[in-house]
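# below are the sequence and a predicted model for it; my questions follow.
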Amino acid sequence: MAAKTAGEPMSGKLEAEVELHCSPAKFYDVFRNTAHHMPNHSPTHIQAVQVHEGDWDCHDTVKFWIYTCEGKLEVFKERVEYDDAKRTVKLNGLEGDVMKLYKVYNVIYEFVAKEDDNGEGKQQGVAKLTIEYEKLKPDVPPPTKYMNFITLLVKEADASLVKAA
């Protein structure tokens, strides 16, 4: 096992962007109002979403996700925050498999419209993905596998939403 360098940071941020083919407003609406349908939009990655505390569309609701990351079934309990003006969803990690590695684990999805440059009047955009994290131990790797997971989840859900339109 390779030793980690002494200067490797204990916390950080990973960022990625995914081109959306459906409307960013529609994608945000799925997270905001119908997250229980995510297993239908991304069955490869999401097996179930359940409300643990609160209501589906309330700010500060606690949700429990069952998902598959790199072929392994995992769970994630989070408290959600919404910013309707910016179409941003923030999942603040509370419990689950990922919390065995990270003291802080927050996933931020921001759905941003871009100018229509194809002349067809379609409102496309990008999903800006961010993971904020703080490791429990120095030898824990950055959550790159989870960034890959949410990138693939967004791509699969985007394709489903386009097909459903």
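Arrived safely. Numbering: from 1, shown residues only.
# what's the helix ranked longest in the chain in contact with?
In the chain, taking DSSP state H as the definition, the longest helix is helix 144-164. Outside of helix 144-164, the residues within contact range by C-beta atoms under 8 Å, 6 or more residues apart in numbering are 14, 16, 18, 20-22, 26-27, 30, 38, 40-42, 44-46, 67, 69-70, 98, 105, 107, 109, 127, 129, 131. C-betas here are computed from N, CA, C, even on glycine.
# those residues, buried ones only, as a PyMOL selection?
Buried members of the contacts of helix 144-164 can be picked out in PyMOL with the line below, counting by 16 or more other C-beta atoms under 10 Å:
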select buried, resi 14+18+20+22+26+27+30+38+41+42+45+46+67+69+98+105+107+109+127+129+131
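# can you tell me the SS state at Thr44?
For Thr44, the assignment made with DSSP: H, G, I helix; E, B strand; the rest coil gives coil.
# returning to what we had before: among the contacts of helix 144-164, which ones are in strands?
Of the contacts of helix 144-164, the ones assigned to strands by DSSP state E are 14, 16, 18, 20, 46, 67, 69, 105, 107, 109, 127, 129, 131.
# which single one of those residues is nearest to Leu91?
For the ones in strands among the contacts of helix 144-164, the residue nearest Leu91 by C-beta to C-beta is Val107; the value is 4.4 Å.
# retrieve the pLDDT associated with the closest one.
With respect to pLDDT, Val107 scores 98.
# dig out what it forms beta bridges with.
Beta-bridge partners recorded for Val107 (DSSP bridges): Leu91, Ile131.
# OK, contacts around it?
Neighbour list for Val107: Glu78, Lys90, Leu91, Gly93, Leu129, Thr130, Ile131, Tyr146, Ile150 [criterion: C-beta under 8 Å, 6+ apart].
# ok, the second one - how many residues close by?
I take that to be Lys90. Lys90 has 17 neighbours, counted by other C-beta atoms under 10 Å.
# that one and Tyr105 touch, don't they?
No: using C-beta atoms under 8 Å, Lys90 makes no contact with Tyr105, being 11.5 Å away.
# next, format the ones in strands among the contacts of helix 144-164 as JSON lines and append distance to Gly54.
Shown next, in JSON lines, are the ones in strands among the contacts of helix 144-164 (distance: C-beta to C-beta, whole Å):
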{"residue": "Leu14", "distance to Gly54": "28"}
{"residue": "Ala16", "distance to Gly54": "29"}
{"residue": "Val18", "distance to Gly54": "28"}
{"residue": "Leu20", "distance to Gly54": "27"}
{"residue": "Ile46", "distance to Gly54": "19"}
{"residue": "Tyr67", "distance to Gly54": "20"}
{"residue": "Cys69", "distance to Gly54": "25"}
{"residue": "Tyr105", "distance to Gly54": "20"}
{"residue": "Val107", "distance to Gly54": "18"}
{"residue": "Tyr109", "distance to Gly54": "19"}
{"residue": "Ala127", "distance to Gly54": "24"}
{"residue": "Leu129", "distance to Gly54": "24"}
{"residue": "Ile131", "distance to Gly54": "23"}
